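1. Sequence plus the predicted model coming up.
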There are 2 protein chains.
Amino acid sequence: MGENRMMSLGALVAARDAGKASPELMVALCRDAIARKDTAIRAFSHVAAEPAIAFDGPLAGVAVGVKDIFDSFDQPTSYGSPVYAGHRPLADAAIVDLARRQGATIIGKTATTEFAYFQPADTVNPHNPAHTPGGSSSGSAAAVAAGMVPVAIGTQTGGSVIRPAAFCGVAGYKPSFRLLPATGMKHFAPSLDTVGLFAASISDVALFANLLTGRDLTVEPVEPAQIRVGLYRCAELGSADSEMQDALSAAADRAADAGFDVGEIEEPAALTEAREAHSIIQDHEAGLACGPDLSRFRDQLSPRLVEVIEGGQAISPQAYDQARRLAKRGRAAAKLMFGEVDILLSPSAPGAAPHGLESTGDPRFNKLWTLMGGPTVNIPGFRSKQGLPLGIQAIARFGRDRQVLSVAAALEPLFSRSPHDRDPQ
Amino acid sequence: MGENRMMSLGALVAARDAGKASPELMVALCRDAIARKDTAIRAFSHVAAEPAIAFDGPLAGVAVGVKDIFDSFDQPTSYGSPVYAGHRPLADAAIVDLARRQGATIIGKTATTEFAYFQPADTVNPHNPAHTPGGSSSGSAAAVAAGMVPVAIGTQTGGSVIRPAAFCGVAGYKPSFRLLPATGMKHFAPSLDTVGLFAASISDVALFANLLTGRDLTVEPVEPAQIRVGLYRCAELGSADSEMQDALSAAADRAADAGFDVGEIEEPAALTEAREAHSIIQDHEAGLACGPDLSRFRDQLSPRLVEVIEGGQAISPQAYDQARRLAKRGRAAAKLMFGEVDILLSPSAPGAAPHGLESTGDPRFNKLWTLMGGPTVNIPGFRSKQGLPLGIQAIARFGRDRQVLSVAAALEPLFSRSPHDRDPQ
């Protein structure tokens, strides 16, 4: 799939800063790529007709795909739902405004599942159009994977950044909770809804986070012997595909070969319990946050969305409070665990992207970490026997975003040397 | 001011349940009161022309005033700003939908300062129209105080529930963070924005919270000797008016006379520091959350709103992170402190409502507790020499909402027996 060569943010920005690529040219490259490719991929729900191009700012000339769960004043915002078809918010979401203030061009809105839940968009996986790209940030991951934009913005409430990044073979970064602003997104479960980023490589996604926020997030060299890496034996691990279990073992082996201090970490019981609490918290909050849509637009919502909102409304406040207590205990256990280990490795998903477009896959390996609130990164590189990407997730404690990005960047080239690996070009 | 006799939610619901008042009559009473009084008070930015009345549900017949910072699909939603004049959201805010699902009638939108910051609405204080009603939930507090509705909904980011409740002499309740859903409000600082409630008395506001959420929040009898009450000697206490200092001392004395286990609590240094961190957190988040409005509508925003958004955008992520760490340390110190005391008493505001309408007063006694996230209640009862209400704030640890409401309800009649007190009728 030579046409899917990804665009590197780092290379584009370097070319721009060296005077070799103007912002107009950079945006034109993306517009051309979208015109050539998106009929097949369907990553975009809307492409800007005449996108504004800035000539100043760290993201000048950088075309960003924005998940259509975020408000944008100049482009329709539909939240993946016919209820909001053609909706034009008065103002941008905070992250869209921030990107524009840094010079970015909002080149289009990327396809999302309905309200970022499970009813799929019609985006396909750029590695094989018979397979799901994952979700809910389906279009953001696919747009980067197909080489239409260098970067994209998404959200994760269960596994909606890390899983599509894994299925599409791109770098995905779910930052520490509230590192990026969520105001102006269509909320599903506000205590979980986390804004995340996509790019071609870990160093690119870190650079994007840095240029967007001004935070020290670019990857830096790591001293492997100083980094304690834990192969995380979570309760769900046995349910992963054998290919994924092999990939995770290979990931740990290669990290050890490279000098990282690798061991195995058993899952604390409090974290197993916290994972179970995720759905109660999510669904109860969705019952409130999406209740207004159920009240007014029930007939225009998918049956599975109606079911989760109604189910959430049936969860008692007492059950919700108990789930929040389990989450709090889980965070205390995670804090203790991260005294013994710096980075955990875990599957990003149970396996490669499933066949078919009716499901976006399963967030069982992601939802605990959304609830815990610390940073996670999808590291691409491994491949299934079918040639589909297999993602490995790196996880760190709250606030250690730069460390997890830097370690992930060091691991990324090691993972690409898989026996099953095929050159993506 | 006999015309300002307040409406009791408990009495209305009891009359309804006894078949003595129909939902139509209950709503009609409020519509009549609004028609007679609101020309002078200006509590409502919009009154529903033909409000829907439900005949089922725990809040059937209960007319609710909703701060115009919350979206409502059937009434204009302006966020106190000319930018959004006449704006019609597609769906309700979550709390509005929840109230409707419980049977409430959304009788109108109550006046708010611009984006719930400091640029005042034109609402006046029902106790003296030359004085501010406080803000930012100005209309919600004034509508209850003037006897136009039994209950109202507001928000607090600094002191926007407790302060107007104090200035207007009503019960105000800022619940534990996320006890009430904030989705669909115009966010200012999402990690602080807290939905709160107003009613004529503490038992009424507790009943409102109970009927709205189904949580066990109605007040229950307390055993005073079992309740450790602390007069909280915070760093700001010396800056309160002498009348307020006297009222706080009287509050502690009367609590002790009634058998409560009363002592003084010095403010831990970590809490003084956390209070200072509030503005950095608030302003940085406002720089992001309101950045889209600054980018598009700068000329239509007040100078003080422009100033806070621009100032917030100038706060570095590093300074924000440091402020969040101070907040976290403060929460740990608060947790320790609440091992030694159950309920703190503190001023709700530096004094009575200031003269003039150009300022809504000062949140210095509120913002720490918004940041800490636990429940606080304004207890009305004391009066200034001028006859204006002086509010005392009861504060408890996160999750102890029922306890703080119950203790506040026990203290409320004691506070009304002030030497300066005048019968409100």
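-> Nice, I can see it. Residues are numbered from 1 along each chain as shown, chains lettered A, B, ... in the order given.

2. quick one: the helices in the stretch 151-300 of chain A?
-> Along the stretch 151-300 of chain A, counting by DSSP state H, counting those that start in this stretch, helices occupy A:162-168, A:202-213, A:242-257, A:269-289, A:291-297.

3. which parts of the fourth one are buried?
-> Within helix A:269-289, the residues that qualify as buried by neighbour count (16 or more other Cβ atoms under 10 Å in any protein chain shown) are A:270-275, A:277-289. All C-beta spots, glycine's among them, are computed from the backbone N, C-alpha and C.

4. near chain B, anything from it?
-> Yes. Shown here: helix A:269-289 in contact with chain B (Cβ under 8 Å from any Cβ of the partner chain) through A:Glu285, A:Leu288, A:Ala289.

5. Counting by contacts, list what that helix packs against.
-> Applying 3 or more Cβ pairs under 8 Å, 6 or more residues apart in numbering or on different chains; DSSP states H and E, we find helix A:269-289 packed against helix A:303-313, helix A:317-337, helix A:367-372, helix B:94-101.

6. What angle do helix A:303-313 and the second one make with each other?
-> To tie it back to what came earlier, the one meant is helix A:317-337. 90 degrees (axes from the mean of the first three to the mean of the last three Cα atoms, to 10 degrees).

7. Pairing partners for the next helix or strand after helix A:317-337, with directions?
-> Next helix or strand after helix A:317-337 toward the C-terminus (DSSP states H and E): strand A:343-347. The pairing partners recorded for strand A:343-347 under DSSP bridges are strand A:228-233 (parallel), strand A:389-395 (antiparallel).

8. got a markdown table for these, with mean neighbour count too?
-> Below are the strands paired with strand A:343-347 laid out as a markdown table (neighbours: other Cβ atoms under 10 Å in any protein chain shown):
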| stretch | mean neighbour count |
| --- | --- |
| strand A:228-233 | 20 |
| strand A:389-395 | 29 |
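
9. As TSV, those strands with distance to B:Ala28 and mean pLDDT would be great.
-> As requested, the strands paired with strand A:343-347 are exported to TSV (distance: least, Cβ to Cβ, whole Å; pLDDT from 0 to 100):
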stretch	distance to B:Ala28	mean pLDDT
strand A:228-233	62	98
strand A:389-395	58	98
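
10. ok so, going back, okay, the helices of the stretch 151-300 of chain A in a markdown table with distance to A:Pro150 next?
-> Below are the helices of the stretch 151-300 of chain A laid out as a markdown table (distance: least, Cβ to Cβ, whole Å):
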| stretch | distance to A:Pro150 |
| --- | --- |
| helix A:162-168 | 14 |
| helix A:202-213 | 7 |
| helix A:242-257 | 26 |
| helix A:269-289 | 31 |
| helix A:291-297 | 34 |
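
11. Format those as CSV; extra columns: mean pLDDT and distance to A:Ala152.
-> Listed next are the helices of the stretch 151-300 of chain A as CSV, based on pLDDT from 0 to 100; distance: least, Cβ to Cβ, whole Å:
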stretch, mean pLDDT, distance to A:Ala152
helix A:162-168, 98, 10
helix A:202-213, 98, 9
helix A:242-257, 97, 24
helix A:269-289, 98, 23
helix A:291-297, 98, 25
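
12. B:Leu388 is nearest to which of the ones you listed?
-> Nearest to B:Leu388, of all the helices of the stretch 151-300 of chain A, is helix A:269-289, at 37.0 Å by Cβ to Cβ.

13. what's the average pLDDT for stretch A:38-58?
-> Regarding stretch A:38-58, the rounded mean pLDDT is 97.

14. So which bits of it are buried?
-> Neighbour counts over stretch A:38-58 (16+ other Cβ under 10 Å) mark A:38, A:41-48, A:51, A:53-54, A:57-58 as buried.

15. so does that stretch get close to chain B?
-> No. Stretch A:38-58 does not reach chain B (Cβ under 8 Å from any Cβ); its nearest approach is 11.5 Å.

16. What's the end-to-end length of that stretch?
-> End-to-end distance of stretch A:38-58 (Cα to Cα, to the nearest Å): 27 Å.

17. ok, now stretch A:312-322?
-> Distance between the two ends of stretch A:312-322: 15 Å, counting by Cα to Cα.

18. Run through who's touching that stretch.
-> Applying Cβ atoms under 8 Å, 6 or more residues apart in numbering or on different chains, the contact partners of stretch A:312-322 are A:277, A:280-288, A:290-291, A:294, B:213-215, B:399.

19. Name the nearest residue to A:Leu59, sequence neighbours excluded.
-> Nearest non-adjacent residue to A:Leu59, counting by Cβ to Cβ, 6 or more residues apart in numbering or on different chains: A:Ala104, 3.9 Å away.

20. distance of that neighbour from chain B?
-> 13 Å (Cβ to the nearest Cβ, to the nearest Å).
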